[in-house]
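1. Need the 3D shape of this:
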Amino acid sequence: MIRYFFVFLAFVSMNSIAAEIDSKTLILSCREYVAIYDRRGEKSLLASISTSPAEAMRAGICRGMLEEHAKHQRYSCGNQWYQQASVIANQDPELYQYSKEQLLDEACDG
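-> The predicted structure follows:
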């Protein structure tokens, strides 16, 4: 499972793929990331067994976008990955009207 996650992170970090992800996709992906992270904290073994490759790939979109955003920031992002993902995951994907860049900035600023 972890192997799929890191392979997908490398794949997502390519700008051509990342450019096609909108704020709704990012919000839903970060919800998946937070859910997997929370399951892992509760039952580490069962979380890694019960997480499908599709779930890991969706979560990888969130993590990959967060990492790429951090690389291109002119300033250091004060929040950790999980905190950033939680900020994004708490948004309503149907109501959020701003770009993914604005969403990532909000998550970074906290």
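
2. Return the set of buried residues in whichever strand or helix holds residue 56.
-> Per DSSP states H and E, residue 56 falls inside helix 53-72. Within helix 53-72, the residues scored as buried using 16 or more other CB atoms under 10 Å are 55-66, 68-69. C-betas here are computed from N, CA, C, even on glycine.

3. repeat for stretch 88-108
-> 88, 89, 91, 93, 96, 100, 103, 104, 107, 108.

4. quick one on the thing from earlier: the buried residues of helix 53-72 into JSON lines, with extra columns for pLDDT and distance to residue 36?
-> Putting the buried residues of helix 53-72 into JSON lines (pLDDT from 0 to 100; distance: CB to CB, whole Å) gives the following:
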{"residue": "55", "pLDDT": "83", "distance to residue 36": "6"}
{"residue": "56", "pLDDT": "83", "distance to residue 36": "7"}
{"residue": "57", "pLDDT": "87", "distance to residue 36": "11"}
{"residue": "58", "pLDDT": "88", "distance to residue 36": "9"}
{"residue": "59", "pLDDT": "88", "distance to residue 36": "5"}
{"residue": "60", "pLDDT": "88", "distance to residue 36": "10"}
{"residue": "61", "pLDDT": "92", "distance to residue 36": "12"}
{"residue": "62", "pLDDT": "93", "distance to residue 36": "10"}
{"residue": "63", "pLDDT": "91", "distance to residue 36": "10"}
{"residue": "64", "pLDDT": "91", "distance to residue 36": "14"}
{"residue": "65", "pLDDT": "91", "distance to residue 36": "16"}
{"residue": "66", "pLDDT": "91", "distance to residue 36": "14"}
{"residue": "68", "pLDDT": "87", "distance to residue 36": "19"}
{"residue": "69", "pLDDT": "87", "distance to residue 36": "20"}
